[in-house]
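# structure, please.
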Amino acid sequence: MAGMNGHLTSSARDRFIEQMGLISQADGAPRIAGRIFGLLLVAGRPMTLQEIAERLRISKASASTNARLLAGRDILRRTAQPGDRQDFYELTSDKEYRFLDAIAEKMSRSAAMVQEVAEQVAEEDRSAGERVLRLAEFYKRSAAFVSEWSQRIKGA
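Predicted coordinates for the structure are as follows:
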């Protein structure tokens, strides 16, 4: 919902933040990490861990753990404000593409894992080994496709 000034209402922002948490959880990442992402996206400014914790009603330790996780994935970065001793967190400029890069990396790892086992399966059962190899090839091609797609979007 939009308020009179065209901005999202507080309850709409809250729903968005919660939705990002659910999406994160569905992708196998912590729900709080998704909520932090959503909060920083709608806030549009760097926030301290204390602000994040208070706004999301979570512990500062949980905010710190999940902010570090997102920073490790290059979705957030730690910054400083002049005259303030606290660390601030903000979204990276190309945060959207990090999700595609993460999917491509995950598929690439899956391809390698399946490929490794496929040869052993083929030794026991050639037909089964061929099916497993096709799965490895699917993961490999999918990883390449998503990676290329990410690069194309970045260049757009």
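
# helix or strand for the residue nearest the centre of the chain, which one?
Nearest to the mean C-alpha position of the chain, counting by Cα atoms, centre = their mean, stands Phe99 at 4.8 Å. Using DSSP states H and E, Phe99 falls within helix 95-124.

# next, the buried residues of the very next helix or strand once past that helix.
The helix or strand immediately downstream of helix 95-124 is helix 126-155, counting by DSSP H and E. The neighbour-count check on helix 126-155 (16 or more other Cβ atoms under 10 Å) flags Gly129, Val132, Leu133, Ala136, Tyr139, Lys140, Ser142, Ala143, Val146, Ser147, Ser150 as buried. In short, each C-beta sits where N, CA and C put it, glycine included.

# also stretch 39-47?
Leu39, Leu40, Val42, Ala43, Pro46, Met47.

# wait, Glu130 touches Val121, no?
No. Assessed by Cβ atoms under 8 Å, Glu130 is found out of contact with Val121, at 9.1 Å.
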